[in-house]
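Visitor: Fold the following and give me the result.
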Amino acid sequence: MEENEELKVNEVEAAAEEVKNEEPNTIKIADDVVAVIAGVAVSEVPGVAGMSGGFAGGISEVLSGKKNLAKGIKVEVGEKEAKIDVNIIVEYGTRIPEVAFEIQNRVKKAVETMTGLNVLEVNVHVQGVTTVPDGTTTVEEPNNKEE
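Guide: The predicted structure is shown next:
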């Protein structure tokens, strides 16, 4: 047997041993599932114009034709707890502290209700503001380039 094949066999055996050592009847919820739940909760908050998911997230939405409900959300799920970071773009004229507080409450409630996880943190990062001076929507995001 070649060295690569032997290494793969050892990895498979280690993974099988890990599964065998897990407690029976455990439930594991993927980070992406929690992110989608949080994304739906955020999208229902008045004053949120959209999610800021970066360039790659926007490209994948265009190519797939589907809206990415987890866009702009980063989740860390432990055994019984979760930490969530939300990147949003707010509508011009809304009170940012009120929008952020509402996001924290709704995300915490939705994730805890649907998953049973204890939400330790919901961090809201405001990445931009939409302005609507002439009926068109533009996004004013900070310039992060160093000069």
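Visitor: can you count the residues close to Phe101?
Guide: Per other CB atoms under 10 Å, the neighbour tally for Phe101 reads 14. Heads up, the C-betas are built off the backbone N, CA and C, glycines and all.
Visitor: same deal with Glu112?
Guide: Other residues near Glu112 come to 14 when the count uses other CB under 10 Å.
Visitor: can you pull the contacts of the closest residue to it other than its chain neighbours?
Guide: Among residues not flanking Glu112 along the chain, Val119 sits closest, at 5.5 Å (CB to CB, 6 or more residues apart in numbering). Contacts for Val119 (CB atoms under 8 Å, 6 or more residues apart in numbering) come out as Glu81, Ala82, Lys83, Ile84, Val107, Lys108, Val111, Glu112.
Visitor: Keep only those of the residues you listed that are in strands.
Guide: Glu81, Ala82, Lys83, Ile84 (DSSP state E).
Visitor: from what I can see Val75 touches Val107, true?
Guide: No: at 10.2 Å, Val75 and Val107 do not qualify as touching, with contact defined as CB atoms under 8 Å.
Visitor: circling back to that earlier point, buried among the contacts of Val119? Need that as a selection in PyMOL.
Guide: Selecting only the buried members of these in PyMOL, with burial defined as 16 or more other CB atoms under 10 Å, works like this:
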select buried, resi 82+84+107+108+111
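Visitor: Tell me which two of the contacts of Val119 sit farthest apart.
Guide: Pairwise distances among these were taken by CB to CB; the largest, 14.0 Å, belongs to Glu81 and Val107.
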